[in-house]
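**Q** Sequence first, then the predicted structure:
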Amino acid sequence: MRVRNRKIELKSPADIEAMRVVCQLAADTLCKVDGILRPGITTEEINAFVHEDTLAKGAVPAPLNYRGFPKSTCTSINEVVCHGIPGSRAVEPGDIINVDITHIFDGYYGDTSATFYIGEPNDEAKHVVEVCRRSLELGMAQVRDGARLGDIGAAIQEFVEGHGCSVVRDFVGHGIGRKFHMEPMVSHVGKFGNGPKLKTGMIFTIEPMINLGKADVEILDDGWTAVTTDRSLSAQFEHTIVVTDTGCEILTERNRPLLQSERYPDYFG
Ligand code: MF3
Ligand code: CO
Ligand code: CO
């Protein structure tokens with residue numbers, strides 16, 4: 001019997017239009033976060049900004065109370081891989097910080113994140129962030145109707161490991177729509193040609209977490225904060241995309257550059 005990916009929803013044109021709207025609201029909040037970051041700002045101040053900006057749009061911050069998460073955004077500094085809980089910690093020059101924004105609007109979820117430089121990064125920080133940023137682009141470049149889900153992880157893994165970094169296995173991208181997390185799970189490692197076929201109208205995130213050292217992570221006692229076991233730096237970028245006949249549409253595409261993130265466009269020449 002032919003195996004179908006019965007569980008991967010195909011979105012209707014109306015669903016896709018609603019996803020465009022919520023994803024653009026989330027992308028706009030992320031752009032505004034770019035404008036408030038400076039040495040000394042606390043992650044709680046970032047959270048308060050995200051919370052207020054989300055409500056001002058008539059949207060709801062999806063992380064708040066999601067499975068008990070206590071805040072409206074995730075702020076992940078340096079060795080924090082993901083799910084950092086905003087609090088009293090202030091960012092310092094040389095830090096890197098991922099801010100992950102998910103809005104709910106009109107019943108739909110839009111999810112996007114970027115890693116930002118605070119002040120001037122050292123060479124290691126720059127490397128892990130730029131490798132991560134490019135790996136997301138390469139993963140998205142695999143997407144089109146008829147490609148395989150495994151092609152995405154394969155492209156990411158090949159590039160990242162070729163540049164001396166490692167891909168986190170413990171967290172994955174995900175289908176998204178009227179729920180935060182749906183089928184499929186989108187691994188950031190894989191083999192070309194493996195996995196279910198992608199079809200026009202599927203919507204999911206790609207959100208590689210890339211470590212400068214080993215891939216292993218552990219969860220702190222707060223039950224959320226994931227850190228690298230070797231405490232090496234970790235970076236992450238995330239987009240929500242829809243599969244099209246010829247490629248993908250980046251629903252969370254930004255309409256302006258992130259000045260605290262997109263600073264080294266020529267890093268790979
Ligand atoms: N935004 C995260 C993701 O990309 C999920 C955060 S769950 C939370 O899937 F509870 F920590 F907010
Ligand atoms: Co996500
Ligand atoms: Co996210």
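**A** Looks like it came in fine. For clarity, every value in this text was computed on a predicted model and none was experimentally measured. Residues are numbered from 1 along each chain as shown. Ligands and ions are numbered 1, 2, ... in the order given.
**Q** Help me confirm that His83 comes into contact with Val227.
**A** No: between His83 and Val227 there is no contact under C-beta atoms under 8 Å: 9.9 Å. Where you see a C-beta, it was placed from the backbone N, CA and C, and this is true even at glycine.
**Q** and the spatially most central residue of the chain, what does it touch?
**A** The chain has Glu238 as the residue nearest its centroid, 2.2 Å off, counting by C-alpha atoms, centre = their mean. Going by C-beta atoms under 8 Å, 6 or more residues apart in numbering, Glu238 touches 100, 111-114, 136, 173, 205-207, 252.
**Q** Please enumerate the helices of the protein.
**A** For the chain, the helices defined by DSSP state H cover 13-36, 43-56, 123-141, 149-162.
**Q** Buried residues, the last one. List them.
**A** Under the neighbour-count criterion of 16 or more other C-beta atoms under 10 Å, helix 149-162 has 149-160 buried.
**Q** which other helices and strands contact that helix?
**A** Packing contacts for helix 149-162, counted by 3 or more C-beta pairs under 8 Å, 6 or more residues apart in numbering; DSSP states H and E, involve helix 123-141, strand 166-167, strand 182-186.
**Q** Relative to Gly247, which of those is closest?
**A** Smallest distance to Gly247 across the helices and strands packed on helix 149-162 (C-beta to C-beta): 7.8 Å, for helix 123-141.
**Q** Need the CA coordinates for that closest one. CSV is fine.
**A** The C-alpha trace of helix 123-141 is given here as CSV (Å, rounded to 0.1, in the frame of the first residue of the first chain):
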residue,chain,number,x,y,z
ASP,A,123,35.1,35.7,15.2
GLU,A,124,33.4,32.7,16.9
ALA,A,125,30.1,34.4,17.4
LYS,A,126,30.1,35.8,13.9
HIS,A,127,30.9,32.3,12.5
VAL,A,128,28.1,30.4,14.3
VAL,A,129,25.5,33.1,13.5
GLU,A,130,26.5,33.4,9.8
VAL,A,131,26.7,29.6,9.3
CYS,A,132,23.2,29.3,10.9
ARG,A,133,21.7,32.1,8.8
ARG,A,134,23.0,30.6,5.6
SER,A,135,21.9,27.1,6.5
LEU,A,136,18.3,28.3,6.8
GLU,A,137,18.6,29.8,3.3
LEU,A,138,20.0,26.6,1.9
GLY,A,139,17.3,24.6,3.6
MET,A,140,14.6,26.8,2.2
ALA,A,141,16.2,26.5,-1.3
